[in-house]
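Participant: model this:
(2 chains)
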Amino acid sequence: MMAVYEPGVEHLPVFQQVTARTRAMVEGHMARIILVLTAAAVIYLSVPPIAVLLFSTVRSTQNTLPFEATSFTFANFVRVFSSSVTYEYLLNTIWYVAGTVGIALTIAVAFSWFVERTNMSLRRLFFVLTLMPMGIPGIVLGMSWILLANPSNGMLNVALRDLFGLDGPGPLQIYSIWGMIAVTAMRFVPLMYLMISGVFARVDPSLEEAGSTSGARPWLNFRRISIPLLAPAILAALIYFVVLGIEAFETAGLLGFPNHIFVFSTAIYWAIYPPKAGALADFGTASTYGLLLLAAAAALIYAYRRYTRRTERFVTVTGRGYRPRLIDLGKWRYVPAIVMAVYFLIAVVLPLSVLLWRAFSPAYATVSISALGQLNLNAFRRMAQNPVLMTAATNTVIVGIVTACVTMMLVTLVSWLSVRRRGNRTVALTEYLAFLILGIPGIVLALALIFIYGSFPIGIYGTIWIIILGLVTLTIPFGTRLMTAALMQIHKELEEAAETSGANPFTTLVRIVLPLLWPSFLRGFLWVFVFSICNATVPLMLQAYGNQTLTVALWNIWFAVGDFPLACAMALPLVVLSLALALSVGRQSLLVGSV
Amino acid sequence: MKKRVARMGIVCLVIILQGLPLMTDQANSAPKTAPTISAAASVPPTLAAAASTPAAGQVSQQAIQTLYTAAKAEGSVLWQTVPIDPTQLQPLINAFQQKYPGIKISPFALSSADVVTRVITESAAGSLREDIVWSTVTYFLPLFSRDLVVSYNWQSVSDVSPSNLLFNNRYIHIYDSVPVIIYNTKMVSAADAPKSFQDLLNPKWRGRKIAITNTGQVASFLVRQWQQDKQGVLAQLDQLAKQQPFMVSTITDAARRVASGEVPIGYTFCEQFRVVTGDGAPVAIAPVTPSYGAPGGMGIPKNSPHPNAAKLFLSWLSSQDARPYWLKTPFNSWTEGAQGQALKAAGVQFVSLETEKEINDLNEVMAATVKAVTPAK
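Facilitator: Numbers count the residues shown, from 1 in each chain, chains lettered A, B, ... in the order given. The predicted structure follows:
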């Protein structure tokens, strides 16, 4: 990086000389400063929890905590790998994750292509509707589907039995591996859609036009040109959600427990919250499972980095002008709209209807015409009068916004360094660590934070700041993948032109790169915000008096207090907020020409 | 672009500034390790000598006053409660604060499974936040073994019955969590409802028709038999596993599944039965008797931030003064109030397990149930 030279500075007053020379020095080392600060932040966030995880795996933690055990041991590894249930968990997990990610990715890719690349009917509306379910916490979605499809008296089952004259229980069985897959896939679709739809919008249509000119039909164009160009984004989504699927606990627990279907995430949960009354959390076993996830994440990122080694293969945004062109579906333009409408009905309208019914109806009232006369606002009154909920709402907004801001700023820097400074060892280490975090289950991360910050006297233990720290850590992998995939599509000639004109790296980043990344940045911001406000694991583990978020309050009210109507009433503002954000992102995307 | 970033930056700054007071408030309200101020430390030596050793069983007003003075200096109590709607505890809190102004009570609901690990971890780190821990005594055993609970002369400041002071005055038994089998009256008639644990093993209840927790608590009905005939109990637990019970993670969840009609019968505690019937659920208690359970109550962890305020509040909670307010909550003795009436109507007798051996027996039979009923564990 060339130093900025300011002629005649020696004639200025001393103070101004010092200021000018300091500025010149900083600008001269700007790239290195950015690298050091970014690497330091990622190392600070990732290394201590990984270290605690590794430490716990080699401590005997049967009825002791890791810091209480007096010796190191490999007993946790022996116990985990010699137990047949580990392999049962593994098989169930593979089945569960493969099904979930396969279905969700297929739907997300299809929807992304429909909305971003074709002239389907009402594509702007469906862009927003697809994002809408993001704000529904997993626990709420799970419970909605239990109310809809539990084999005894689920609303859908009762309706189907009445319609077809069937005997109970069933015919739908939500407490099954397929029930788990379907509901988790519905949760993943908007998140995946958000991750990959942006890059669909940025594919240079001239490449597809060249294919068409050579005689390729739309499907061949899509398969041989579009998909390879979109491969980094799709692969990033696949890798990320495979690990997310392995860790997903809420749905697996809600729908798997009653029928004894256990997966890895359930195993970790049981290790932390053992069924035996008065027993301590078995961090050794939980951390050993966590280490397996870490190893899987490390292997996945290695494969990803090898695949995307030559980034120019994926460039679609260059210094030459381009204008996204929509594929004309002709008389078929209504078909995608019908498909997406049916999906929306199943994935959004049905669960939301159940939520609304439960929020306004008396507890345990069955759906009937006569029950319509009993609808009331009691749950909303209880919500307004509950002092914990008001504080929780404030905490939730602060946590969501601060987490999203910090994460997106950090991951933009990480991604920029990763794509533009390949070959630098510090950058490689930073990128590895940023992704390795994905392998740490949220529960184990939260416990590591308790150990670390419960001991450090820096005053964040028991506050919302420790929750923000945990959520920033958890969202770094997603944000990094999203921004890296987006950056890969931007040719470096744009930045080279800026540098040639005298801009320092920071100026180039802010004035050239960020505007091009803005749609992806916004999508990432939204994703992190929604993830933060919907995440239950980290805030639940780190909850203390006064720092509870809405999902923690929701969890406590649902599981511990058992007030269904109040929990449903609380879920509605989260859904409304999610819709508002989806509308906002949709509007922004419209402004920049995407959708 | 610059304006957009600047706007976002200003919004973020505002949000961060909103959050800062939350950080300082938390830090200020829960000092890491307050020095333990004994009840007598702030009192002139002559009065302290007079107050220090009241006769056994004799409440000393002087001791209460001394404790109150020290408690007011501390100013607040962080009361970890079982998971409950906090508004249900408000009558208790209001009554205490009216009698002892200047002490703020902050209830904070946390599950029993969570609180044990949290107290041990925070104590080791010197950052304990909870002043009073509320749970059944089963969950206190790891805390007792690590000497993390205060032993105090409760009878000097409270008219609590000596029989309610357990484990060397470290735990006060305040209410009874009575295990019951409940049934949905729209799905099961009174004649068909189980009359004993063995009735649960009837094939008519096979196939996700019995809601039980994954902690094995349903085996509390077998604890006496476990003490005499372990093999017989294990055989029954194997049969219970063959019933393919509907597994849930909390007793609240079990009560709700039965109340909603998803499952016809289930195991829960009487307080949960009262909560769901209060909401109008068609549920009744099955006459499965006797019922065995561990006492419900509280203790004070060592090195809590506000030890004197905690002692004053807990002494009041365990006193006769507080009984009328406890009756307004679901947490009563098994013969008292609405709980007593419900159990009497169902013909259920309760036996409280109060020695360490009895509680260990209960833990053993519960662990055996978990092993039998949950194939993956």
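
Participant: which residue ranges form the helices in the stretch 1-150 of chain B?
Facilitator: Taking DSSP state H, counting those that start in this stretch as the test, the helices found in the stretch 1-150 of chain B are B:2-29, B:45-52, B:61-74, B:90-99, B:112-125, B:141-145.

Participant: Let me know whether the shortest one sits next to chain A.
Facilitator: Yes - under the criterion of C-beta under 8 Å from any C-beta of the partner chain, chain A is reached by helix B:141-145 at B:Leu141, B:Pro142. Just so you know, the C-beta spots here come from the backbone N, C-alpha and C atoms, and that holds for glycine as well.

Participant: and the residue of chain A nearest chain B?
Facilitator: Of all residues in chain A, A:Ala560 sits closest to chain B, at 2.7 Å by C-beta to the nearest C-beta.

Participant: In this structure that residue contacts B:Ser111, no?
Facilitator: Yes - at 6.4 Å, A:Ala560 counts as touching B:Ser111 under the criterion of C-beta atoms under 8 Å.

Participant: Show me what from the stretch 101-250 of chain A comes close to chain B.
Facilitator: So far as C-beta under 8 Å from any C-beta goes, the stretch 101-250 of chain A lies against chain B at A:Ile146, A:Asn150, A:Pro151, A:Ser152, A:Asn153, A:Tyr175.

Participant: before we move on, the earlier item: give me the common contacts of A:Ala560 and B:Ser111.
Facilitator: The contact sets of A:Ala560 and B:Ser111 overlap at B:Val82, B:Pro83, B:Thr250 (C-beta atoms under 8 Å, 6 or more residues apart in numbering or on different chains).

Participant: and the residue in chain B positioned nearest to chain A, how many residues sit next to it?
Facilitator: Using C-beta to the nearest C-beta, B:Pro83 is the residue of chain B that sits closest to chain A, at 2.7 Å. For B:Pro83, the tally of surrounding residues (other C-beta atoms under 10 Å in any protein chain shown) stands at 18.

Participant: Kindly report the same for A:Thr407.
Facilitator: A:Thr407 has 27 neighbouring residues, counting by other C-beta under 10 Å.

Participant: how deep is B:Arg323 tucked in, by neighbour count?
Facilitator: B:Arg323: 15 neighbours (other C-beta under 10 Å).

Participant: okay, the shared contacts of A:Ala560 and B:Ser111 in CSV with pLDDT next?
Facilitator: Supplementary listing: the shared contacts of A:Ala560 and B:Ser111 in CSV, determined by pLDDT from 0 to 100:
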residue, pLDDT
B:Val82, 90
B:Pro83, 83
B:Thr250, 84
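
Participant: Sort out which of those are in strands and list them.
Facilitator: Of the shared contacts of A:Ala560 and B:Ser111, none are assigned to strands by DSSP state E.

Participant: which of the residues in stretch A:501-516 are buried?
Facilitator: Across stretch A:501-516, burial judged by 16 or more other C-beta atoms under 10 Å in any protein chain shown covers A:Ala503, A:Asn504, A:Pro505, A:Thr508, A:Leu509, A:Ile512, A:Val513, A:Leu514, A:Leu516.

Participant: Please tell me how far that stretch is from the chain's geometric centre.
Facilitator: Centre-to-centre, stretch A:501-516 and its host chain are 28 Å apart (C-alpha atoms, centre = their mean, to the nearest Å).

Participant: Convert that stretch to CSV, retaining C-alpha atoms only.
Facilitator: Taking Å, rounded to 0.1, in the frame of the first residue of the first chain, the C-alpha atoms of stretch A:501-516 are listed here in CSV:
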residue,chain,number,x,y,z
SER,A,501,-6.5,6.7,-8.0
GLY,A,502,-5.0,7.1,-4.5
ALA,A,503,-7.7,5.7,-2.2
ASN,A,504,-6.6,3.9,0.9
PRO,A,505,-8.0,0.4,1.7
PHE,A,506,-10.6,1.8,4.1
THR,A,507,-11.9,4.4,1.6
THR,A,508,-12.0,1.7,-1.1
LEU,A,509,-14.0,-0.6,1.2
VAL,A,510,-16.5,2.1,2.2
ARG,A,511,-16.9,3.9,-1.1
ILE,A,512,-16.5,1.1,-3.7
VAL,A,513,-17.0,-2.3,-2.1
LEU,A,514,-19.7,-1.7,0.4
PRO,A,515,-22.2,0.0,-2.0
LEU,A,516,-21.8,-3.1,-4.3
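
Participant: Now for the residue of chain A closest to chain B: which residues touch it?
Facilitator: A:Ala560 touches B:Val82, B:Pro83, B:Ile84, B:Ala109, B:Ser111, B:Thr250, B:Thr252, counting by C-beta under 8 Å, 6+ apart.

Participant: Can you say which of these are buried?
Facilitator: B:Val82, B:Pro83, B:Ile84, B:Ala109, B:Ser111, B:Thr250, B:Thr252.

Participant: can you put those in TSV and add distance to A:Trp527?
Facilitator: TSV is the format used below for the buried ones among the contacts of A:Ala560 (distance: C-beta to C-beta, whole Å):
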residue	distance to A:Trp527
B:Val82	36
B:Pro83	31
B:Ile84	35
B:Ala109	31
B:Ser111	30
B:Thr250	31
B:Thr252	33
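
Participant: which one of those sits closest to A:Tyr364?
Facilitator: B:Thr252 (14.0 Å; C-beta to C-beta).

Participant: host element of the closest one?
Facilitator: Secondary structure assignment for B:Thr252, by DSSP states H and E: helix B:251-260.

Participant: how about the residues of the stretch 401-550 of chain A near chain B?
Facilitator: Near chain B, when you scan the stretch 401-550 of chain A using C-beta under 8 Å from any C-beta, you find A:401-402, A:405, A:450-451, A:454-455, A:457, A:459-465, A:510-511, A:514-515, A:518, A:543-547.

Participant: By mean pLDDT, flag the weakest helix or strand of chain B.
Facilitator: Within chain B, no helix or strand scores below helix B:45-52, which has a mean of 30 by mean pLDDT, DSSP states H and E.

Participant: center of chain B - which residue?
Facilitator: Nearest residue to the geometric centre of chain B (C-alpha atoms, centre = their mean): B:Ser135, 3.0 Å.

Participant: Retrieve the pLDDT associated with that one.
Facilitator: B:Ser135 carries a pLDDT value of 93.

Participant: Pretty sure it sits against B:Val115.
Facilitator: Yes - using C-beta under 8 Å, B:Ser135 makes contact with B:Val115 at a distance of 6.1 Å.

Participant: Around chain B, which positions in the stretch 251-400 of chain A sit nearby?
Facilitator: Checking the stretch 251-400 of chain A against chain B by C-beta under 8 Å from any C-beta, the hits are A:253, A:257-260, A:262, A:266-267, A:270, A:273-281, A:362-364, A:366, A:382, A:385-388, A:394-395, A:397-398.

Participant: Mark which of the residues you listed are buried, thanks.
Facilitator: The neighbour count (16+ other C-beta under 10 Å) marks A:253, A:257-260, A:262, A:266-267, A:270, A:273-281, A:362-364, A:382, A:386, A:388, A:394-395, A:397-398 as buried among those.

Participant: what are the ranges of the strands in the stretch 251-400 of chain A?
Facilitator: In the stretch 251-400 of chain A, no strands are defined using DSSP state E, counting those that start in this stretch.
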